[in-house]
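Peer 1: 3D model of this:
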Amino acid sequence: MNRPAANDRYSTGMLGKNSPQERNRLESIQNSVDARTIAVIEDLSVEPSWRCLELGAGAGSIAYWLAGRCPDGQVTAVDIDTRYLDADRADNLVVQQADVLSEEFPPGGFDLIHARYLLCHLPRREEVIARATRWLAPGGWLMVEDPYQLPADTSPFPLVRRLMAAYERKYNEHGADLTWARGLPAVLARNGLRDVGFTGNLGCMGLLGKDRWRPLINQAGPALVADGLITEADLKGFFELLDDPAFVDIPQVTISAWGRRLP
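Peer 2: All right, here's what the predicted structure looks like:
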């Protein structure tokens, strides 16, 4: 199968920043997982002087938080498309447009490197992690977070089974792997990091205001229908399910894993 290059995948189409739904999608992710991300980073005993690298910074919430948390340090927020990032949010914030598959950063240059919902979309994921470990200062931390999608056919809702199977297939066509996160702790350990830890954050579908899937399917749904993976009736039925206060499902888990470079 011929897959589009990384630059093409993130500038056009279902995953592209040009999509009118993209900011909503990014903000829905931030709203649902930022609190857990911040709690994990805080447990790493963040210092005000830390130099931080945020890979795949998206709409910037974690980069902005780190800039406030590390006022005596610096935060470099990197994305292949930086249109949703505001470099003026903090004096110690640097916004850089770059492709992490080819960009290099200073060896030993960062006390914390964080990537969320990025590597699952990229080829050569483990190569990126290997390079990132070299960018860590002695004693520095690498933290990676990615979704682990539960098997679609285990949902108690037939409509969700069809939708999530189509969603995963479409993402796979774009080169994404929504199950690779299960191996994250082992990948960090293989790359020489120590004090490896991990945790999981259950993703909610439904429960009205707690749901984050509406903007994701608003964005992906037309492509799923166009490819014949679901029908218009399926799409309409899914949004009706989301409006049902009794509907709730758990389609995926966000796995967070972290490790420290030896001093």
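Peer 1: Residue ranges in the protein under the pLDDT threshold?
Peer 2: For the chain, applying pLDDT under 70 flags the ranges 1-20, 208-211.
Peer 1: mind redoing it with 90?
Peer 2: Applying pLDDT under 90 to the chain picks out residues 1-29, 31-32, 171, 173-175, 204, 207-216, 218-219, 263.
Peer 1: can you point me to the longest helix in it?
Peer 2: helix 22-42 (DSSP state H).
Peer 1: mind listing what's buried in that one?
Peer 2: When burial is assessed from 16 or more other Cβ atoms under 10 Å, helix 22-42 yields the following buried residues: 22, 24-30, 32-33, 36-38, 40-41. For every residue, glycine as well, the C-beta is placed using N, CA and C.
Peer 1: repeat for stretch 71-85
Peer 2: Residues of stretch 71-85 classed as buried: G73, Q74, V75, T76, A77, V78, D79, I80, T82, L85 (neighbour count, 16+ other Cβ under 10 Å).
Peer 1: Next, format the residues you listed as JSON lines and append distance to L118.
Peer 2: Formatted as JSON lines, the buried residues of stretch 71-85 follow (distance: Cβ to Cβ, whole Å):
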{"residue": "G73", "distance to L118": "22"}
{"residue": "Q74", "distance to L118": "20"}
{"residue": "V75", "distance to L118": "16"}
{"residue": "T76", "distance to L118": "15"}
{"residue": "A77", "distance to L118": "12"}
{"residue": "V78", "distance to L118": "10"}
{"residue": "D79", "distance to L118": "9"}
{"residue": "I80", "distance to L118": "10"}
{"residue": "T82", "distance to L118": "14"}
{"residue": "L85", "distance to L118": "14"}
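Peer 1: farthest-separated two in these?
Peer 2: G73 and I80 (24.2 Å; Cβ to Cβ).
Peer 1: what ranges do the helices span in the stretch 1-150 of the chain?
Peer 2: Counting by DSSP state H, counting those that start in this stretch, the stretch 1-150 of the chain has helices at residues 6-9, 22-42, 61-69, 125-135.
Peer 1: C-alpha coordinates for the last one, PDB please?
Peer 2: Listed in PDB are the C-alpha atoms of helix 125-135, where the atom choice follows Å, rounded to 0.1, in the frame of the first residue of the first chain:
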ATOM      1  CA  ARG A 125       8.700   5.600  15.900                       C
ATOM      2  CA  GLU A 126      11.400   3.700  17.800                       C
ATOM      3  CA  GLU A 127      14.100   5.600  15.900                       C
ATOM      4  CA  VAL A 128      12.600   8.900  17.100                       C
ATOM      5  CA  ILE A 129      12.700   7.600  20.700                       C
ATOM      6  CA  ALA A 130      16.300   6.500  20.300                       C
ATOM      7  CA  ARG A 131      17.300  10.000  19.000                       C
ATOM      8  CA  ALA A 132      15.300  11.700  21.800                       C
ATOM      9  CA  THR A 133      17.200   9.800  24.500                       C
ATOM     10  CA  ARG A 134      20.400  11.500  23.100                       C
ATOM     11  CA  TRP A 135      18.800  14.900  23.400                       C
END
